[in-house]
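[1] Here is a sequence with its predicted model. Questions after.
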Amino acid sequence: MVPRLRSLECELPQDEDLSLIHERLREAAQLILKAEDEPARRLHIERLKKDICIYRDKLYVHGIATEIVENVERLAALLTKYKRVLIVE
C-alpha cells in the first residue's frame with residue numbers, strides 16, 4: 001500500500017507513450033478479470049507482464065524516480081510469482 005501511495009505522489013511527465021501504455025495496462029487487467037478460461041487468462045497475464053516491462057523501460061527513459069521504477073519491477077515480479085493463482089478459476 002505504501003508504494004502505491006508514493007507512486008500517486010510522483011509526478012509523471014505528460015507523454016503520449018506513457019498514456020497509451022497506461023491504457024494497455026488497464027485493458028489487460030480488465031481482460032484478465034473477464035477471461036472465462038485458463039488459456040485466455042494466461043494470454044492476458046503474459047500481455048500484462050510484457051506491457052509492464054515496456055512501461056518500466058519508458059519510465060527509465062523519462063528519468064522517473066528510481067523508487068517508482070522499482071515499484072513497477074516489484075509488480076512484474078508479483079505477477080510472475082502468483083501467476084498460477086491468477087490463472088486458476
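    Noted; the coordinates are in hand.
[2] Could you use CA atoms for every contact and neighbour count after this?
    Noted.
[3] For V72, which non-adjacent residue is closest in space?
    Spatially, and ignoring its direct neighbours in sequence, V72 is nearest to R56 (6.3 Å; CA to CA, 6 or more residues apart in numbering).
[4] which helices and strands does the lengthiest helix in the chain pack with?
    Longest helix in the chain, counting residues (DSSP state H): helix 38-61. Contacts defined by 3 or more CA pairs under 8 Å, 6 or more residues apart in numbering; DSSP states H and E place helix 38-61 against helix 16-34, helix 66-81, helix 83-87.
[5] Tell me the buried residues in that helix?
    Within helix 38-61, the residues scored as buried using 16 or more other CA atoms under 10 Å are 41-42, 44-49, 51-53, 55-56, 58-59.
[6] So what touches that helix?
    Contact partners of helix 38-61, identified using CA atoms under 8 Å, 6 or more residues apart in numbering, comprise 18, 21-22, 24-25, 28-29, 31-33, 35, 69, 72-73, 76, 79-80, 83, 86-89.
[7] What average pLDDT does it get?
    Mean pLDDT, computed over helix 38-61, is 90.
[8] ok, now stretch 18-33?
    Mean predicted confidence for stretch 18-33 is 89.
[9] now swap in stretch 77-89 and tell me
    75.
[10] now the helices and strands packed on helix 38-61 as a markdown table including mean neighbour count?
    Output for these, formatted as a markdown table (neighbours: other CA atoms under 10 Å):
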| stretch | mean neighbour count |
| --- | --- |
| helix 16-34 | 15 |
| helix 66-81 | 15 |
| helix 83-87 | 14 |
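[11] what residue is smack in the middle of the protein?
    With distances taken as CA atoms, centre = their mean, I52 lies nearest the centre of the chain, 3.9 Å away.
[12] just wondering, since we're on that one, how far is it from I68?
    13 Å (CA to CA, to the nearest Å).
[13] okay, and the common contacts of the two?
    Both I52 and I68 lack any common contact, where contact means CA under 8 Å, 6+ apart.
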